[in-house]
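Q: here is a sequence together with a model predicted from it:
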Amino acid sequence: MDPRIRDWAARIQAAGQQGQALGIQGNNSLGLCGAATNPCLDLSGWQGVVEYDPGELAITVRSGTTWQTLLQVLEEQGQIPACSALQTHPTRTVGGIVATGFNGPARPWLGDVRGAVLGVAMLNGQGQLLTFGGRVMKNVAGFDLSRLQTGAWGRFGPILEVSLRTRPAPQHGLHLRLDAPLEELPSLRHHLQQAPLTGLAWYQGRFYLRLQGLPAGVQQAADLPGAEEDAGFWARHESLQCPIYRQRPLYRILLPALDVPTYRTWLDTANDALLDWGGRLLWLATDMPQAALQQQVQKAGGWLQPWPVTGPVPLPAARAAVVHRLQQAFDPAGVFRNNPNREAAHANPST
Amino acid sequence: MNISNEQVPLPPACQQALQALLGEDLLTKPEALAPYECDGLSVYRRLPSAVALPRNREQVAQALAICHQHGVPVIARGAGTGLAGGALPEAGALVLSLARLNRILALDPEQQTATVEPGVRNIQISQAAAPHGLFYAPDPSSQIACTIGGNVAENSGGVHCVKYGLTVHNLLGLKVLDSQGQLLEIGPALLEQPGPDLLSLFTGSEGLLGIVVEVTVRLLPRPEATGVMLLAFDHNEDAARTVGAILAAGLLPAGLEMMDRLAIEAAEAYSQAGYPDCQALLLVEVDGCDSEVEAQMAQIEAIALREGMAQLQTARDEAQRQRLWAGRKAAFPAVGRLAPDYYCMDGTIPRKRLPEVLARIRELSEAYGLAVANVFHAGDGNLHPLILYDANQPGELERTEHMGGEILRACIEAGGTITGEHGVGIEKLAGMCEQFTEAELNQMHAVKTALDPEGRLNPGKAIPSLHRCAELGAMHVHHGQLPFPDLERF
Ligand SMILES: Cc1cc2nc3c(=O)[nH]c(=O)nc-3n(C[C@H](O)[C@H](O)[C@H](O)COP(=O)(O)OP(=O)(O)OC[C@H]3O[C@@H](n4cnc5c(N)ncnc54)[C@H](O)[C@@H]3O)c2cc1C
């Protein structure tokens, strides 16, 4: 047993006995840990590739490994993760990416973080070392307690290792820009239905497309009147460097359906807006009161997240009750009840 | 084998309440119950106390509430095609059939989603989507019969998982009733659900955590072009190696299936698909636009030649494709004609271990004197050895199950799992004891208790009690070979 795991397990057990709460941190890129009121298990040094065999289309890493490192390791073998993660910060760890579960610009086409998770090793609130899922593509033995960790914000315990699905990196890519009003989105989507898209966004009066795949398919889809090459946007967007990400207040709005008239009403009063995921995710910088916006988003069947995030968002009552019971099942003593540390988050907001 | 066909009646008050709710849609006579006494694992049979056939969600909720009140266990059932005994009744239980909740509630071609009731059959979704140029990707071989509710409960796969994923990858929202009939909605269908991933928790939970009453799935545009290749080999090992080589070359076929000699011969005799005389074959499907399909087929041909391919057949039009798939699709019933009974296994292993695990299965087959046909999802490393036996020969089923257990052990030892897509049910409880530690099983029980405190939903399935593990004599023994072997356990 690695002495660090033994140590974390002992600290969890001691905290449980003393009724103390523990936080969990990776590289603290969200700036949520550190207040004295909430001591943290520091997993940032817990790094490295545990197993990677490109032919298996799977990689296993320790949770403190940065997402950037993971991407590099895969790139050397011509692969990418089988998902698109939101890279809020260059030092974000794999554990943090999984625990927060935010998806990046290619989500509709490359898949979500939860879907890429094949297995985890973790400690629960009793300090027991548990592994769920595995390293193979298909595994339905027992409950899926590995994907359950996605979006859990560590409230079921620290993730120590993650196995993720990988896929071949696209052989060819093309980035396009098209000046056109938002209202053209439905017809553009229709036109691109067969295209090897990995990105379709609208920002400040322009559509941005990313086509990736086999050269033949990309070339065929690139035949779009009025489109010009522009790779800059995607580089900025993938690393959350577009100007909108610095605006406050900022909201990340998930939408159930493409509804241009509704977007238009928000856009008209917004300071800035970026529509991503081919129309299913809206970044909105607006001074509209949050409660009013929340109401409208809810009416549209969507989900509003104030940004930057400071912790898990409150869930609808029935789901919150289920999550609460699950927390008790993993962590009866409530060691991770405060994870992440909300106080610290308010003191130190960062994207 | 556990065959006790005594019908245990429901508590009278419970039966009355259910009768008042469902009228003729509550079955209690033994002859009416008989079709529900088993699922696809038909060696195990047991009569339920009653079968409820509700027609809408409200009736499902009320039936659950009634059973809860009277302490009656509830076993959800879709089409009963499950292969692990997941829907096997238990004495004193109500079988809750979701088959009549079979409406497609919404199909949105613009958003590429469909919202359906749990009793809708898998293939109906693709059929309804077809006029819009869309399809629902997970396609179990049982797709004309099995229900989407059953697919969710088992996290079912199909021949197109390599590229399009399992059920869990194609779900956007769920509505689930708990053991008291209370509704939990995981939705609306957004591309990211806030909070811990409850969609995944319920997917594959085999009816133990809740009753799925509504499912929203993602639909995909049907690819412009599709090509199918049949690669024939003189040696199993060459075929197995080719699987890894195709994936390592950066190709992601839509389907990648393998059949061995016995399966090929059976399929050919049954369906006259025109399969060549060979030891092993791979069926590879690629899709995309026309030029992408051509490019992928050329690349795959080159790889297969390098790995020792003996013969090649290709299909580009629908009729030819259907012919090549026909043999694979008929493989199970075809193998069924070779012996009175067959037992379908479902282990998954890392693909690179295919050659050695196939060799191990051959060894076991010889040692036990039971023939094995292999027809499986090679691209996922998901094996389906079909052990041929005769249940009427005394002791032969037991020998078969024993051999099956050894095959699963070989899968765990190779770094794999005891079930890739069929679930644990009652069939693989012993395997669970081997694959998981005590603490892990306890954690699963704690989750079960959190969501179903009285243990009403499908009790005794999927997650063995530690007591049961001890009884089965199959305590977790393979520490070194488990997933995450570098992490020691407590
Ligand atoms: C010939 C044949 C080929 C097959 N091929 C494949 C294949 O390629 N891939 C594959 O993955 N499987 C395959 N299967 C297995 C089986 O078809 C799948 O497991 C399928 O998903 C079961 O669906 P069902 O509706 O028949 O469910 P059932 O067998 O009725 O039930 C299965 C389990 O789900 C639970 N359940 C059912 N409905 C609900 C619900 N609404 N809510 C909660 N729990 C529920 C039951 O309690 C039970 O535990 C095959 C089976 C056969 C017979």
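A: Ah, there it is.
Q: what does the stretch 101-250 of chain B put close to the ligand?
A: For the stretch 101-250 of chain B, the contact set with the ligand under C-beta under 6 Å from any ligand atom comprises B:118, B:140-142, B:146-147, B:149-151, B:153-154, B:156-158, B:206-207, B:211-212. (Each C-beta comes from the backbone N, C-alpha and C, glycine too.)
Q: ok but B:Leu201 is inside a helix, no?
A: Yes. Assessed by DSSP: H, G, I helix; E, B strand; the rest coil, B:Leu201 belongs to a helix.
Q: from B:Asn170, how far out is the closest residue to it other than its chain neighbours?
A: Leaving out its chain neighbours, the residue that sits closest to B:Leu201 by C-beta to C-beta, 6 or more residues apart in numbering or on different chains is A:Leu148, at 4.8 Å. From A:Leu148 across to B:Asn170, the span is 18 Å (C-beta to C-beta, to the nearest Å).
Q: so between those two, which is more surrounded?
A: A:Leu148 (26 against 19; other C-beta atoms under 10 Å in any protein chain shown).
Q: tell me who's in contact with that one.
A: Neighbouring residues of A:Leu148 by C-beta atoms under 8 Å, 6 or more residues apart in numbering or on different chains: A:156, A:326, B:196-198, B:200-201.
Q: what does A:Thr65 give?
A: A:47-49, A:93-94.
Q: buried ones among those residues?
A: The neighbour count (16 or more other C-beta atoms under 10 Å in any protein chain shown) marks A:47, A:93-94 as buried among these.
Q: narrow those to those in helices?
A: Mapping these onto helices (DSSP state H) picks out A:Val94.
Q: can I get the buried ones among the contacts of A:Thr65 in TSV including distance to the ligand and pLDDT?
A: TSV is the format used below for the buried ones among the contacts of A:Thr65 (distance: C-beta to the nearest ligand atom, whole Å; pLDDT from 0 to 100):
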residue	distance to the ligand	pLDDT
A:Gln47	36	96
A:Thr93	34	94
A:Val94	29	96
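Q: assumed B:Glu6 was part of a helix.
A: No. B:Glu6 is assigned coil when assessed by three-state DSSP, not a helix.
Q: in this structure it contacts B:Pro48, no?
A: No. Using C-beta atoms under 8 Å as the test, B:Glu6 is too far from B:Pro48 to be in contact (11.5 Å).
Q: who's more crowded, these two?
A: Neighbour tally, B:Glu6 and B:Pro48, criterion other C-beta under 10 Å: the higher count belongs to B:Pro48, 27 against 8.
Q: mind listing what that one touches?
A: Going by C-beta under 8 Å, 6+ apart, B:Pro48 touches B:33, B:36-37, B:75, B:89-91, B:93-95.
Q: so what pairs up with A:Asp276 in the strands?
A: Beta-bridge pairing for A:Asp276 (DSSP bridges): A:Leu281.
Q: now for it: which residues touch it?
A: So A:Asp276 contacts A:105, A:201, A:237, A:282-283 (C-beta under 8 Å, 6+ apart).
Q: show me those that map onto helices.
A: Those of the contacts of A:Asp276 lying in helices (DSSP H): A:His237.
Q: list just the nearest of the contacts of A:Asp276 to the ligand.
A: Comparing the contacts of A:Asp276 against the ligand with C-beta to the nearest ligand atom places A:Pro105 closest, at 31.7 Å.
Q: wait, the closest one sits on A:Arg280?
A: No. Taking C-beta under 8 Å as the definition, A:Pro105 is not a contact partner of A:Arg280, at 11.3 Å.
Q: okay, and which of the residues of the stretch 101-250 of chain B next to the ligand map to helices?
A: Among these, DSSP H puts B:149-151, B:153-154 in helices.
Q: can you put those residues in TSV and add pLDDT?
A: TSV is the format used below for those (pLDDT from 0 to 100):
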residue	pLDDT
B:Gly149	98
B:Gly150	98
B:Asn151	98
B:Ala153	98
B:Glu154	98
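Q: which of these ranks first by neighbour count?
A: B:Asn151 (37 neighbours).
Q: quick check, it in contact with B:Asn122.
A: Yes. The pair formed by B:Asn151 and B:Asn122 meets the contact definition of C-beta under 8 Å, at 5.9 Å.
Q: on that earlier part again, more neighbours: A:Pro105 and A:Arg280, which one.
A: For A:Pro105 versus A:Arg280, the count of surrounding residues by other C-beta under 10 Å is larger for A:Pro105: 25 against 22.
Q: any idea how far A:Gln212 is from the closest residue to that one other than its chain neighbours?
A: Among residues not flanking A:Pro105 along the chain, A:Gly199 sits closest, at 5.1 Å (C-beta to C-beta, 6+ apart). Per C-beta to C-beta, A:Gly199 is found 8 Å from A:Gln212.
Q: and those two? which has more neighbours close in?
A: Neighbour tally, A:Gly199 and A:Gln212, criterion other C-beta under 10 Å: the higher count belongs to A:Gly199, 27 against 21.
Q: can you pull the residues that touch both of B:Asn151 and B:Asn122?
A: Contacts common to B:Asn151 and B:Asn122, judged by C-beta under 8 Å, 6+ apart, are B:138, B:140.
Q: what about the host helix or strand of A:Trp266, near chain B?
A: Using DSSP states H and E, the element containing A:Trp266 is helix A:260-269. No. Helix A:260-269 stays out of contact with chain B when judged by C-beta under 8 Å from any C-beta of the partner chain, the minimum separation being 11.2 Å.
Q: quick one: buried ones out of the residues of the stretch 101-250 of chain B next to the ligand?
A: B:118, B:140-142, B:146-147, B:149-151, B:153-154, B:156-158, B:206-207, B:211-212.
Q: and the top strand by length along chain A, what does it pack onto?
A: For chain A, the strand with the greatest residue count under DSSP state E is strand A:159-168. On a contact count with 3 or more C-beta pairs under 8 Å, 6 or more residues apart in numbering or on different chains; DSSP states H and E, strand A:159-168 meets strand A:58-62, strand A:79-81, helix A:94-100, helix A:113-116, strand A:117-123, strand A:129-133.
Q: distance to B:Ala189 added to the ones you listed, as CSV?
A: Shown next, in CSV, are these (distance: least, C-beta to C-beta, whole Å):
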stretch, distance to B:Ala189
strand A:58-62, 28
strand A:79-81, 23
helix A:94-100, 21
helix A:113-116, 15
strand A:117-123, 20
strand A:129-133, 24
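Q: quick one: the helix holding A:Trp266 to chain centroid distance?
A: 26 Å (C-alpha atoms, centre = their mean, to the nearest Å).
Q: now do stretch B:126-142
A: Using C-alpha atoms, centre = their mean, the mean C-alpha position of stretch B:126-142 is found 18 Å from that of the whole chain.
Q: that stretch near chain A anywhere?
A: Yes. Stretch B:126-142 reaches chain A (C-beta under 8 Å from any C-beta) through B:Gly133.
Q: now do the buried residues in that stretch.
A: Neighbour-count burial for stretch B:126-142 [16+ other C-beta under 10 Å]: B:126, B:128-129, B:133-142.
Q: average pLDDT across that stretch?
A: When pLDDT is averaged over stretch B:126-142, the result is 96.
Q: can you name the residues in contact with the one helix or strand B:Ala450 maps to?
A: Assignment of secondary structure by DSSP H and E places B:Ala450 within helix B:438-451. The contact list for helix B:438-451, computed with C-beta under 8 Å, 6+ apart, reads A:124, A:128-132, A:142-143, A:145, A:322, A:325-326, A:328-330, B:178, B:201, B:208-210, B:432-433, B:436, B:455, B:463-466, B:469, B:476, B:489-490.
Q: apart from its chain neighbours, what residue comes closest to B:Leu220?
A: Closest residue to B:Leu220 apart from its sequence neighbours, by C-beta to C-beta, 6+ apart: B:Ala137 at 5.6 Å.
Q: do you know how far the one you found is from B:Arg218?
A: Noted for B:Ala137: a distance of 8 Å to B:Arg218, by C-beta to C-beta.
Q: could you list the domains of the chain?
A: All of this is about chain A. Per the record, chain A has its domains at A:3-169, A:172-307, by automatic domain parsing.
Q: if you could check chain B rather than the one you did, that'd help
A: Split by automatic domain parsing, chain B gives B:2-97, B:104-221, B:225-334.
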